[in-house]
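Novice: mind looking at a prediction? Sequence and model below.
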Amino acid sequence: SGTVAVLGVLFLATNYGILLGGMWNFIMDMGGWAFYMLTAWLLLKHSERSSNKYLWIAGIATGLGGLFKEYAFGGLIMITTYLFLNKQSNKTRFLAKTFLLWILMILPAIILHRYVYLTYNYTYLDWLHAQAGYVYRSRFIEYFKTFGSLINFLVFPFLIGLYCLWKDYKKNIIASVAHKKLMISILVSSLPIFLWKAITQRTLALSIISITLIACFGFKKFENRWYFFAIFIVLYAIMNFMMDSFVLDFVNLPLQSS
């Protein structure tokens, strides 16, 4: 509904990681996130209408998004997981469709990086090798603090949404089986953030999309009491806009690591 959409967008748009990587410092991140979310929307349409055109457009969106930022390639994992969860008994057809979609998703990046290599004798692997090393006394503590700064007051709507999903496990009233499979696909697609050496709000921001979507199930269940969630939005936005000046210093987190 419109109420759920507005609440979800407000939580997403005022998130510190999204603001940091999308408006304040690294404008190119927005391209990767935009195509990643477009892929999720196209898969949603596919689940509702069973039209393969949305699936192929989702593959194209992921391929184009990868030209902006690596985040978009989360769509590759999302689509693959989605197809696996919805695969039919015909394994050959499933593998053929998956293979063709993978070609659509990675071909633009192959063409681009081949051009860069032939022109400048430089590859993505050279860039990765040149990155600074990151050594943490405890990666668990750093993840805890970084996720804490990203989620803060969103944790309450998230837990409510998680509880609603758990209660709806067999009833499928709040969300259909198809929607739950899509939600699992989106969650799985955000897991590669843990492979990155640096633990920063910017690199972990992709997970906020999944976390906000889970919160939306709580918004749907209690949408007549939207004002309750509006209180958290205000606190959440204030916390995020104070993040650099107060909160990060308090928990001893860096503002940003490249």
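Specialist: Yep, that arrived.
Novice: so where is the chain shaky, pLDDT-wise?
Specialist: Under the criterion of pLDDT under 70, the regions of the chain flagged as low confidence span 22-26, 88-89, 131-133, 247, 250-258.
Novice: tell me which residue is most central in it.
Specialist: Nearest to the centroid of the C-alpha atoms of the chain, with distances taken as CA atoms, centre = their mean, sits residue 206, at 3.6 Å.
Novice: using the three-state scheme, assign residue 68.
Specialist: coil (DSSP: H, G, I helix; E, B strand; the rest coil).
Novice: that one against residue 28, yeah?
Specialist: Yes - between residue 68 and residue 28 there is a contact at 6.0 Å, judged by CB atoms under 8 Å. For the C-beta atoms, the positions are set from N, CA and C on the backbone; glycine is no exception.
Novice: what comes up buried for the strand or helix carrying residue 126?
Specialist: Assigned by DSSP states H and E, residue 126 belongs to helix 124-130. Judged by neighbour count (16 or more other CB atoms under 10 Å), helix 124-130 contains no buried residues.
Novice: quick one: distance of it to the chain centre.
Specialist: Put simply, helix 124-130 sits 24 Å off its chain's centre (CA atoms, centre = their mean, to the nearest Å).
Novice: I'd assumed residue 64 was in contact with residue 31.
Specialist: No - assessed by CB under 8 Å, residue 31 is found out of contact with residue 64, at 9.0 Å.
Novice: shared neighbours, the two?
Specialist: Residues within reach of residue 31 and of residue 64 at once, by CB atoms under 8 Å, 6 or more residues apart in numbering, are residue 72.
Novice: circling back: the more surrounded of residue 68 and residue 28?
Specialist: The residue with more neighbours, out of residue 68 and residue 28, is residue 68; 17 against 11, by other CB atoms under 10 Å.
Novice: tell me the contacts of that one?
Specialist: Contacts of residue 68 (CB under 8 Å, 6+ apart): 28, 31-32, 34-35.
Novice: what's the distance between it and residue 155?
Specialist: Relative to residue 155, residue 68 is positioned 30 Å away (CB to CB, to the nearest Å).
Novice: cool, and residue 97?
Specialist: For residue 97 relative to residue 155 (CB to CB), the value is 38 Å.
Novice: re earlier: burial check on the residue nearest to the residue nearest to the centre of the chain when sequence neighbours are not counted, number of neighbours?
Specialist: In this structure, residue 206 finds its nearest non-sequential neighbour in residue 190, 5.1 Å apart by CB to CB, 6 or more residues apart in numbering. A count of nearby residues for residue 190, using other CB under 10 Å, gives 21.
Novice: and residue 94, how close does it get to residue 221?
Specialist: In terms of CB to CB, residue 94 sits 34 Å off from residue 221.
Novice: looking at those two now, which is surrounded by more residues?
Specialist: Legend: neighbour count by other CB under 10 Å for residue 94 and residue 221, higher for residue 221 (19 against 15).
Novice: please look at that one and residue 174 and confirm they touch.
Specialist: Yes - Residue 221 is in contact with residue 174 according to CB under 8 Å; the separation is 5.8 Å.
Novice: any common contacting residues for the two?
Specialist: Contacts common to residue 221 and residue 174, judged by CB under 8 Å, 6+ apart, are residue 164.
Novice: hey, where'd the helices end up in the chain?
Specialist: Counting by DSSP state H, the chain has helices at residues 2-13, 16-19, 29-49, 52-65, 74-85, 91-120, 124-130, 139-151, 155-167, 177-189, 201-204, 206-221, 226-241, 248-251.
Novice: list the buried residues of the third one.
Specialist: For helix 29-49, the buried set under the neighbour-count rule, 16+ other CB under 10 Å, comprises 29-40, 42-44, 46-47.
Novice: count the residues that sit near the residue lying closest to residue 44 once chain neighbours are set aside.
Specialist: Spatial nearest neighbour of residue 44, chain neighbours left out: residue 182 (6.0 Å); criterion: CB to CB, 6+ apart. By other CB under 10 Å, the residues close to residue 182 number 24.
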